[in-house]
Every structure is written in structure tokens, then in C-alpha cells.
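Colleague: Just a sequence and a predicted model for now, questions to come.
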Amino acid sequence: MKAPRLDPRGRGNGHDLPKSNQGQEAGISQYSPGHEIAFDRRAIPADAVEGRWNASDGFAIRRIDWPGPGGAARGSILFLPGRGDAYEKYLETLDYWARKGWRVTALDWRGQAGSGRLGTDEVTGHIPDFSLWVDDLSAFWSTWKRETPGPHVLAAHSMGGHIALRALAEKRVDPVALLLSAPMLGFTTGLLPIPLLHGIAMLMTRIGDPHRPAWKWSEKPGEVPADRSDLLTHDRDRYADELWWREHRPELVMGPGSWGWIERAYASMRALERPGLLESITTPVFVLATSADRLVSPSAIRRTCARLPECEMLCFGKEARHEILREADPVRDRALTAIDGFLDRVAPGTGDDG
């Protein structure tokens, strides 16, 4: 069964989404670390619940929740994916945390995956301003925190990591810990300075439609380029899982970002560069990164970590690409083990946020 298309406002009932993929041979992995139990990456776990959260303006945003163990939960983790991502890509990791005793929630961003579109077509990612995403995160965080047990942890990948860090810096969220996977704090654009690149992006939004794609995707809109996996992960099976979900839930398909998205991304990055802003963050932060990242800037990540008062970083080399939590088992196991150790130290499951 294919999922229903959503209208541009992101509305959809979410009740006829496929709950499982019985008999699916691909997409099966062993739990990591330890490989205790098999997990089907192409099925929504039986104990997870998909639904919608309505923002203050009525925009319907898709979510998924693991209600947690029968007894007292260790705490709660909110996970936010990257640009063009969907939470289906991270089911394996989200379920891993749930089996560790965490109450887990993941949220799509407004305008992508199962939360509709903000552009003029079904595949181009657009946002009028990143502050809309910060507002959504802040509002959802307030409600989610009241409804779930502490301590409360915020985790995010790539663009989600950028938004989460910005929301934390602007004191719009208050997690006891922040986990960032390959956060989008700069692009891999060579030696050109961000102000110059931002200026070029501003020019492009003025000489044409800001909603138009900023780069070429493929001859067929929404079709995945053949070499895209070389940017994301060495694990071909995990990469194939994403293609499977895009086929079975076509509303997840997204292609390039718009020129408006590019310009607003640079503006948001420059906002985080303000002197004293990152230095004011006292929340413990753990960062996963790789020096081989060809999408986000490893040097920008290192500079940011150096400015954060309480930041730990695990940096991989050529063995890891951008999607570290979807990498081959040796990399992913090491990353999850490091995260477990960090959370044991800073969020030991006291039942509160302080």
C-alpha cells in the first residue's frame, strides 16, 4: 500500500501508512552495538506510533513516537532529521534508543518528507526563513517536554543539527544534552568565505524565482542520482533502505533545495557566528563528524566545537561519510557506543532535567 499524498499545507490522516513489510528480506540488520536482535529497517516497529502535530498556524507536521518501556523510562529523546530526510531513515537508531529505555520521538520538518511542501513543486525543498523551523521546534519542545519523562535530550542530524543548535543558542529549547550528527554548520565549498557565498545566493534569489532548484538533481524530477550514495554512506544496504521507503511512501521524495533555502541557510549560519552566542551555551554537547564529509564542512564543525564550553567530539576519517548513524556497522557501533557513554555521564536517568 502506498501512502497518501499530502497537500501543500502538510495535511494527511496518516492512518493508511504501511505498518510493516512482512517477509522483506532486505533491510534486516542486527542490533548494534552487541547485535542482540534482528531489526527490519523497512517496517515501522510494532510499538511505534505515527501521527501528526499541529503547529500554531494549523500546519500538520508528521511525528513518530515510541511510548517507551512498561516501567519507568530512563528519559526522553527527540530526534530531528536533516534536509530532505525522513524519520524512516533512522528507524534502526530510534528503536535502538527505545530498547535502551528511552522514550523516543522523531519529527519531520515543516515542508519536507511527510510534512508537505513549501515550494512550488513536489520535490524542491524551500523555506522562507529558518526561523520558521526554530519556531516549530520551540513550540513542539514545550508540549513534548510536558508530556514525556525527563531527562530530556535533543538529537539531530545535518540541517536538523544546525536548527537544534540555533534553537539552543537562542534559548528556545532547554535539553539536558544535545547530540549532533554531522551538523550543517558550513558547506564544503572550498576556500570561498561564507559572506561571499551568501552574497551570491542573495543575488540568485533576486534575479530569478527563489523557489527554483539551486542545483541539478537528475533528468527526471525526484529521481536519485546514481552516485548519491557516495556522499552519504558506505553501507549499500542501508542506503537501499531509503530508496525502498521513497518508492513505498512517495511523499518522502525530495530533490534539491531552492535558492531561497540556500540563501536562508547561509543567513542562519552567519547568525550562529555572532561573537559570544555559542560561548553562552552551557548544555553538554556531543558531536559526531567525519573529515571525509563532502556535504557539510568538517572545519566549521571543529570551529564550533572549540567555541562551545562543554563539547565532546568523535571525528571519523575516510571510513565514514555524511550519514554516520547509517554507516557500516564498525562505524555505527562505535558512534552509538560513544553516545551511550556520553548520555550515561550527562543524563543518567534521574527522572528530571536537573
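Modeller: In hand now; what should we look at?
Colleague: from here on, contacts and neighbour counts on C-alpha atoms
Modeller: Noted.
Colleague: tell me which element Ile163 is part of?
Modeller: Following DSSP states H and E, one finds Ile163 within helix 159-169.
Colleague: Give me the secondary structure label for Leu288.
Modeller: strand (DSSP: H, G, I helix; E, B strand; the rest coil).
Colleague: For it, give me its contacts.
Modeller: Each residue near Leu288 by CA atoms under 8 Å, 6 or more residues apart in numbering is listed here: 180-182, 313-316, 324, 335.
Colleague: low pLDDT regions in this structure?
Modeller: Where the chain drops to pLDDT under 70, the residues are 1-25, 30-36, 69-71, 218-226, 350, 354.
Colleague: Could I get the full set of helices for it?
Modeller: 91-99, 131-147, 159-169, 194-206, 229-232, 236-248, 259-272, 298-307, 329-346 (DSSP state H).
Colleague: between the ones you listed, which gets nearest to Gly84?
Modeller: Across these, Gly84 has its closest neighbour in helix 159-169 (9.1 Å, CA to CA).
Colleague: May I see the buried residues of the closest one?
Modeller: 159-169 (16 or more other CA atoms under 10 Å).
Colleague: Check stretch 267-276 too.
Modeller: Taking 16+ other CA under 10 Å as the criterion, stretch 267-276 shows 267-269, 272 as buried.
Colleague: again with stretch 336-348
Modeller: Buried, per 16+ other CA under 10 Å, within stretch 336-348: 336, 338-339, 342-343, 347.
Colleague: hmm, which two among those are most spread apart?
Modeller: Leu336 and Ala347, at 15.2 Å, using CA to CA across those.
Colleague: Would you mind naming the residues that bridge with Glu312?
Modeller: Phe286 (DSSP bridges).
Colleague: Surely it is in contact with Val285?
Modeller: Yes: contact status for Glu312 versus Val285: in contact at 6.3 Å, counting by CA atoms under 8 Å.
Colleague: ok, now which ones touch the residue sitting nearest the centre point of the chain?
Modeller: Geometric centre of the chain, nearest residue: Pro81, 1.4 Å, by CA atoms, centre = their mean. Counting by CA under 8 Å, 6+ apart, Pro81 touches 87, 106-109, 156-161.
Colleague: do Ser299 as well
Modeller: Per CA under 8 Å, 6+ apart, neighbours of Ser299: none.
Colleague: how close does it sit to Trp97?
Modeller: If you measure Ser299 against Trp97 using CA to CA, to the nearest Å, the figure is 29 Å.
Colleague: ditto for Thr205
Modeller: For Thr205 relative to Trp97 (CA to CA), the value is 41 Å.
Colleague: Next: Glu122.
Modeller: In terms of CA to CA, Glu122 sits 32 Å off from Trp97.
Colleague: More neighbours: which of these two?
Modeller: Glu122 (22 against 19; other CA atoms under 10 Å).
Colleague: Isn't that one up against Pro256?
Modeller: No: the criterion here is CA under 8 Å, and Glu122 misses it with Pro256 at 10.9 Å.
Colleague: ok, now which ones touch Trp141?
Modeller: Val173.
Colleague: Output the helix holding Ile163 as PDB, nothing but the C-alphas.
Modeller: The C-alpha trace of helix 159-169 is given here as PDB (Å, rounded to 0.1, in the frame of the first residue of the first chain):
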ATOM      1  CA  MET A 159      20.400  20.500   8.900                       C
ATOM      2  CA  GLY A 160      18.400  19.300  11.900                       C
ATOM      3  CA  GLY A 161      21.600  19.700  13.900                       C
ATOM      4  CA  HIS A 162      22.000  23.300  12.700                       C
ATOM      5  CA  ILE A 163      18.400  24.200  13.700                       C
ATOM      6  CA  ALA A 164      18.700  22.400  17.100                       C
ATOM      7  CA  LEU A 165      22.000  24.200  17.900                       C
ATOM      8  CA  ARG A 166      20.500  27.600  16.900                       C
ATOM      9  CA  ALA A 167      17.300  26.900  19.000                       C
ATOM     10  CA  LEU A 168      19.600  26.100  21.900                       C
ATOM     11  CA  ALA A 169      21.700  29.200  21.400                       C
END
